[in-house]
Each structure stands twice: as C-alpha cells, then as structure tokens.
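Trainee: okay, structure incoming, though there's no sequence with it:
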C-alpha cells in the first residue's frame, strides 16, 4: 500500500478558489473519480474528484481554504500500485498548455470591432460535452457588457456561467433552459457590438484544434461527466439559482425537491446534502408543505374555493376601520388549519350529543388518586374515557375503521389520540395499544406525552397512527360542541365540563354528575342508528365501569 497525494487538477482559468464543501472525511474509502471537495469562484462551482482509489488517511484542506492547481487536497492509502501514477500525470497533462496559447493570443486580431450583428459562441469550457443550460440571465433587448454572464450551464460535476465576449444589445438568444450546449455552439447575436475583450468566439475553431490539450488538462475533473444525464427542468427557474453544489442539485432533482424552498445551513447559506434530506423528511412527515402542495390544497383563507364553485374570499383593508396588529400564524396552526379545512369540507360529518352519568366513576377516580398519592400519577377522567372508548370501539368496529377507495379498513389495534392544548397550538399525541394498558398506565403516559407537547418535543411517531380521537375541554367550560374528524379516522369524541344536575330516578330527582358527550361521525361509514348505539353504550360504561370487563 502506498500513500498518494491527491492534488487539484487543472481547473481552467481560475487562480485561487474557495473550498465550500467537504464531501469525504478521514477513514472513508474513495473510488477513482469520486468527488472529494466542492470549490467555487464568482463564476463557477465545481467538484474536485480523486485521481486515486483508496482510504483517506489525511485531509489537507478545510472549509474556507483557498486552493489552486497543484494544491494537495488529501492523502490516500492507494488500493493498488496502478493508481499511483495518477497524481504524477497532472504536471505532464499541463505540458501541452503552451501549444494552445498562440491560438488564444492570436484570436483578438481575428475579432475586430463591429457595429453590425455579432455572434457570441460558447467558449472553451474544458472537457465537458452536452452540458445543460439551467439558467438564463438575459433576454432580447437587454444591453450586454463584455464578460457579463449570459447563461449558467451544469454537468453533474460542475456549474459555470458563460460570459459574453462582446458588448452590445441582445438581438437574439439561441438557447433556452433545458438545451444542451458544447464548445463553439452559437449562443447569442448582439447588435451594435463592440470588440471582444475575451477571445472566445474568434478562437472557437482554434480551441477545437487545441481540444486534445484541453482534454488532457481537464481529464481528472471531467472523466465522470461525459455520461451526465441531460437536465430536465419542470419549469423555468427564477433568476438566481439556489446556493448549492452540482451534486446536491442533481440529488434534489432526482428526489423532486424544489431547491429554492430549501433553507441552506452551510457556509453563506449553502444548501447541503443534509439540508435536502432534512427537507424531504419534513415534507414526508407533513411538518412542511412545498409551494406546489400549498397551491393544490385549499388555502386557509378560503382561497381554494374555486374548485367548489365558491366566490373568492373577501379581501379587506382592516386598518381603515381602526387600529390593527398583524401576527404571523405559527407553523402548527398553519399545518393543522389546512388539515382541519380539508376534513371539514371533505367529510360528510354528523354530530350526536348525549350525557353520561359519571357520579360513581368520579368518586372512584378521587379515591384512586388518594390511594396512589405517593406514586405521583394523577388519574384524570380522560384516562377512563380512553378505556371506555376502546370497549365501545370493539363493540362497534366500524368506528375503528378507515376508508380506502371503495373499501373499509378495519384496524385490529386501538390507538387513541387525545387533543393537547399547547402554547404553539393544538397537538394530538397518541396512546398506542390502549386496549393493553390499565388506567394508571394510560394516565402516566398521557402526562408524559402532554409535557412533551407543551415543550415542543413530540416526535412525528408519537402523533401518528391514531384510530380514534378524544377532544376534551376538561374543566374549561361549555356544554356541547362539534369536533372535526381527524382523517383518516371516521369518528371523534368531544367532551365538555361535567355538571351536577337533578336527574329523575323514577320516584324523585337525584343530584347526579353529568358529562356532556359530542360524537362526530363520518356518514359515509356510519349511520345514525349505529352512532346513537355507540353513544348510549359509551354512557353505560361510564355509568358503571365494570362493563369494561365484559
């Protein structure tokens, strides 16, 4: 095994470029032509590949360092002797450079000043074939300066801006986003153009003749580019590409991630691979919506009503009526708001109201808390409601189902969600396998999940998988309300504050503690008779909790 220094190859007419991304670390096994670092100038960003396969023993550069041709990037313990000559090839490859120099020097003489139409060609961009146009900076009618960037092209290893060789007014642009170009291709026609400060157009034939030298000089950078897939944009990008390396752009394209919506956490706001992966996970979990998703979903202001034939949501200048204060809605309210609107509009929901006599159950709850005072676990009425709901769901399984096309999915598990009020908005933690847990265990788990919700530490897994939800207003107040079903569930139970009421026992009125119940159900799955039976059965269990054992 030999230690080989991997150096920066010929990167074109760039003196010193900044290292903006490290793609490997010490101990990594790298292949020949695998990208090691990303460098960037004010005109281009490119990835520097390894000339040797092996294991990274030492990294010689750090983020922010300046490198140039010949700078040592890292030291590799080569996998075999055959790879060792690669670094030595860099000086040899540079030898033919002077051959191309006379042609380039002679070019200005061949490009006299012109007052008529002047053609602007793609200059020598190294050994890059069929690179994709991913951005257009100008349009017909624009006044162009010498060296002003016209387009951006990109392979899977580098992106670079193509400058104009002349000044003048853009008469015609010969390329568009999605086209592929090569050295010498006609790029634009300028009118009233001044002489070229750069020799690129006139030197195009000479550059073609000197191609072997250019190929040899750029081979370490471009060996993996010749088979680069063509860029396939879904639409014309906005002016100014997101700050990201070519490999990150390619990765984002493969996943369909809109880079302009990703917040970069790298140096100077650069978007990294981790940023793209994190954005993808957020979208998949529902924590973030892309602009395309928001456009398809009904707007929280009612703006999505056009699909339903509704008139537009009113736009009012409230300030003209009096003082106002504008506050941005929190992330949780934005997400939950969109879901609630969809559920309220899409689900044919009906609500049954009933009362349950919990006099004896409340007495049992109070005595249980006294007996378990030292344990630190406080039993709430909601814990009993969860156990009672599981018993009712088992007796009426359609309430524990979900619609899937033209089928009903009957779940053989009972995960109960409960609405938790937090400073950031409403959240719904889920008690998993509530049928297998006792009231004390459910109470303890509810307390832990509610604290996580208040602290903003609930994970997506702790808020997913519910088969039925309970929304309890506890002791706040109210009598009845209409809770909105949490799709894809088909029912939700709303509970308000219990009150002492006179209840006729057949002979006299007795003071009884009554709990208001509001059951909302999806009429596509459940009919009124089933809903009435469910509510009645739930009330019977709460009236005599021994029924849970039956």
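Mentor: That came through, no problem. Keep in mind the model is a prediction, meaning the values are calculated, not measured.
Trainee: alpha carbons only for contacts and neighbour counts from here, please
Mentor: OK.
Trainee: contact partners for residue 186?
Mentor: Residue 186 sits next to 119-122, 174 when contact means CA atoms under 8 Å, 6 or more residues apart in numbering.
Trainee: stretch 262-280: which residues count as buried?
Mentor: Residues of stretch 262-280 classed as buried: 262-264, 266, 270-273, 275-276, 279-280 (neighbour count, 16 or more other CA atoms under 10 Å).
Trainee: list the contacts of the closest residue to residue 37 other than its chain neighbours.
Mentor: Leaving out its chain neighbours, the residue that sits closest to residue 37 by CA to CA, 6 or more residues apart in numbering is residue 22, at 4.6 Å. Contacts for residue 22 (CA under 8 Å, 6+ apart) come out as 36-38, 62-63.
Trainee: which of those count as buried?
Mentor: Buried, going by 16+ other CA under 10 Å: 36-38, out of the contacts of residue 22.
Trainee: with respect to pLDDT, which of those residues ranks lowest?
Mentor: Of all the buried ones among the contacts of residue 22, residue 38 carries the smallest pLDDT score, 85.
Trainee: pretty sure that one contacts residue 46?
Mentor: Yes: counting by CA atoms under 8 Å, residue 46 is a contact partner of residue 38 at 5.6 Å.
Trainee: looking at the buried ones among the contacts of residue 22, which are in strands?
Mentor: Those of the buried ones among the contacts of residue 22 mapping onto strands are 36-38, per DSSP state E.
Trainee: just to revisit the earlier point, phi and psi next, for the residue nearest to residue 37.
Mentor: phi -100, psi 120 (degrees, to the nearest 10).
Trainee: quote the end-to-end distance of stretch 40-58.
Mentor: 22 Å (CA to CA, to the nearest Å).
Trainee: how far does it sit from the chain's center?
Mentor: Relative to its chain's centre, stretch 40-58 lies at 28 Å (CA atoms, centre = their mean, to the nearest Å).
Trainee: before we move on, back to that, mind putting the buried ones among the contacts of residue 22 in CSV, distance to residue 502 included?
Mentor: Below are the buried ones among the contacts of residue 22 laid out as CSV (distance: CA to CA, whole Å):
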residue, distance to residue 502
36, 79
37, 78
38, 78
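Trainee: and the helices in this structure?
Mentor: Using DSSP state H, the helices found in the chain span residues 85-94, 97-106, 204-209, 211-222, 246-255, 273-285, 291-296, 331-346, 359-371, 381-395, 439-455, 528-543.
Trainee: tell me the buried residues in the last one?
Mentor: What that stands for is helix 528-543. 531, 534-543.
Trainee: give me the buried stretch members for stretch 246-263, please.
Mentor: For stretch 246-263, the neighbour count (16+ other CA under 10 Å) marks 246-250, 252-253, 257-259, 262-263 as buried.
Trainee: let's have those in JSON lines, adding pLDDT.
Mentor: Formatted as JSON lines, the buried residues of stretch 246-263 follow (pLDDT from 0 to 100):
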{"residue": "246", "pLDDT": "72"}
{"residue": "247", "pLDDT": "73"}
{"residue": "248", "pLDDT": "82"}
{"residue": "249", "pLDDT": "78"}
{"residue": "250", "pLDDT": "76"}
{"residue": "252", "pLDDT": "85"}
{"residue": "253", "pLDDT": "80"}
{"residue": "257", "pLDDT": "89"}
{"residue": "258", "pLDDT": "90"}
{"residue": "259", "pLDDT": "86"}
{"residue": "262", "pLDDT": "92"}
{"residue": "263", "pLDDT": "88"}
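Trainee: out of the residues you listed, which one sits closest to residue 405?
Mentor: residue 257 (28.2 Å; CA to CA).
Trainee: still on that earlier bit, overlap of the contact sets of residue 38 and residue 46?
Mentor: residue 245.
Trainee: mind checking pLDDT for the residue nearest the centre of the chain?
Mentor: In the chain, the residue lying closest to the centroid (CA atoms, centre = their mean) is residue 279, at 2.6 Å. We have a pLDDT of 91 for residue 279.
Trainee: cool, and residue 482?
Mentor: With respect to pLDDT, residue 482 scores 95.
Trainee: touching, it and residue 518? I think so.
Mentor: Yes: assessed by CA under 8 Å, residue 482 is found in contact with residue 518 at 6.6 Å.
Trainee: more neighbours: which of those two?
Mentor: Taking neighbours as other CA atoms under 10 Å, residue 482 and residue 518 compare with residue 518 leading, 23 against 17.
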